[in-house]
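Q: this one's sequence-less:
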């Protein structure tokens, strides 16, 4: 007599299934993609433009911009010469995998090495939706204050790289870097962190070099 | 023979019904309440503390703090001597009327004139939920950038007062005030706007005076 052993499978949500398909699309095209998340105005588009400058042609970039409304960010990226797609979510507070799937169709994937996806400005909702990229990146911003890891743990927990932007403002706003780092360390021990300023360019090269290595490691 | 005329009624959502009950609770207690919304780190708690300072005892304040996690903000308000309640939403990206109802029970309403509700840091979700307060206030922040009205129209459209905080950073970040104002004017023509700095205190008194008038007008 045999006993039936119940097998519990994780049933993927429609979004997770679509995210897996996006990953396949990207991998088939030999592409690396990152999902950039941050509060409104932390410097997502500025980071993309400074990264482009710092890479100086070493990687071929494509950009997907997510916003409730407007094409301001995609216009900025296109003005810098990047293939760019704007997603307007209407009211939605995050990108989902189906939106990215539509955007990928509109990009010349065969001509790219790296797709930079700029999520909707929000420290909460985007953390809950995988979209199929290889890396989740969070941009924190000095004027936001040093208590954000404590207040938005889900976002800080779910990323593989952390950028702290606007370090040029450190002399002008109260920000305790040690307090901030302690909060991050509890949630995401050892997460790689880059302190930089998209305004002055300080620290951008180190981030761009690291990104080049991620893309190359994947190709090998 | 009579024809039946179909009557279409707006059916209130559970949240709207609860918001109406909160309003009744507040009105019965002779209280004025405001719902303060903003991006993470725009200065919601700082505004509450500077308002307290500027009012200098002219109104009796109570505070409700909304965050995903932590009691950092309520601790700051309590340290300043304010009756304060912290709501932790878990993952929710906004306060709803039921959460405020619970918080109001925990405040000594009979001893207050004004309840300041600090919503979760987010420029999207809180705009879609009435919670029963008398006034919606948005805090914009100079380092967030001047394009936020264009990107977050729902939030800018739904408020009765707009505060632009951190004006002390104007010399240090790019921010075109005219471009910002044009975006606001399209969405919310004539909305009363206060430019101020919670760091230096500049402009805080004008906001506090206006708030006193709102509370007095309501009592009369």
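A: Cool, the structure landed. From a predicted model like this one, the values you see are computed outputs, not experimental measurements.
Q: what's opposite the spatially most central residue of chain A in the beta bridge?
A: For chain A, the residue nearest the mean C-alpha position is residue A:36 (1.6 Å; CA atoms, centre = their mean). Beta-bridge pairing for residue A:36 (DSSP bridges): residue A:118, residue A:137.
Q: OK, contacts around it?
A: For residue A:36, the contacting residues are A:44, A:47, A:48, A:116, A:117, A:118, A:119, A:137, A:139, by CB atoms under 8 Å, 6 or more residues apart in numbering or on different chains. (C-beta placed from N, C-alpha, C; glycine too.)
Q: low-scoring stretches of chain A, by residue?
A: Chain A contains residues with pLDDT under 70 at A:1-2, A:7-12.
Q: how about the helices in it?
A: A:14-28, A:44-55, A:72-79, A:97-105, A:148-151, A:153-157, A:177-187, A:204-219 (DSSP state H).
Q: and of those helices, who's closest to residue B:204?
A: Nearest to residue B:204 among the helices of chain A is helix A:148-151; the distance by CB to CB comes to 23.7 Å.
Q: just to revisit the earlier point, just give me the closest of the contacts of residue A:36 to chain B.
A: Nearest to chain B, judged by CB to the nearest CB, of these is residue A:44 at 10.6 Å.
Q: wait, doesn't that closest one sit right on residue A:38?
A: Yes: in this structure, residue A:44 is within contact of residue A:38 by CB atoms under 8 Å, at 5.2 Å.
Q: where do the contact lists of those two overlap?
A: A:119, A:121, A:139.
Q: tell me the buried residues in stretch A:101-118?
A: Neighbour-count burial for stretch A:101-118, with 16 or more other CB atoms under 10 Å in any protein chain shown as criterion, is recorded at A:101, A:103, A:104, A:107, A:109, A:112, A:113, A:114, A:115, A:116, A:117, A:118.
Q: quick check: residues of chain A near chain B?
A: Contacts of chain A with chain B, taken as CB under 8 Å from any CB of the partner chain, map to A:39-41, A:67-70, A:72, A:91, A:93, A:120-125, A:128, A:141, A:143-145, A:147-148, A:150-154, A:166, A:168-169, A:172-174, A:199.
Q: returning to what we had before: need the max-distance pair from the buried residues of stretch A:101-118.
A: Spatially, the most separated pair among the buried residues of stretch A:101-118 is A:101 and A:113, at 19.9 Å (CB to CB).
Q: looking at the helices of chain A, which is buried most?
A: Mean neighbours per residue, mean count of other CB atoms under 10 Å in any protein chain shown, is largest over the helices of chain A for helix A:148-151, with a mean of 23.
Q: and the contacts of it?
A: A:39, A:123, A:140, A:156, A:180, A:183-184, A:186-187, B:40-41, B:67-70, B:72, B:121.
Q: cool, stretch A:204-216 as well?
A: Contacts for stretch A:204-216 (CB under 8 Å, 6+ apart): A:32, A:34, A:50-51, A:53-55, A:58-59, A:113-114, A:134-135, A:161, A:163, A:192, A:194, A:196-198.
Q: distance check, residue A:87 against chain B.
A: Using CB to the nearest CB, to the nearest Å, residue A:87 is found at 13 Å from chain B.
Q: any idea how far residue A:66 is from that residue?
A: Distance, residue A:87 to residue A:66, using CB to CB, to the nearest Å: 5 Å.
Q: between the two, who's got more neighbours?
A: residue A:66 (30 against 23; other CB atoms under 10 Å in any protein chain shown).
Q: in this structure that one contacts residue A:90, no?
A: No: in this structure, residue A:66 is not within contact of residue A:90 by CB under 8 Å, at 11.4 Å.
Q: quick one, what contacts residue A:130?
A: Neighbouring residues of residue A:130 by CB under 8 Å, 6+ apart: A:15, A:16, A:19, A:97.
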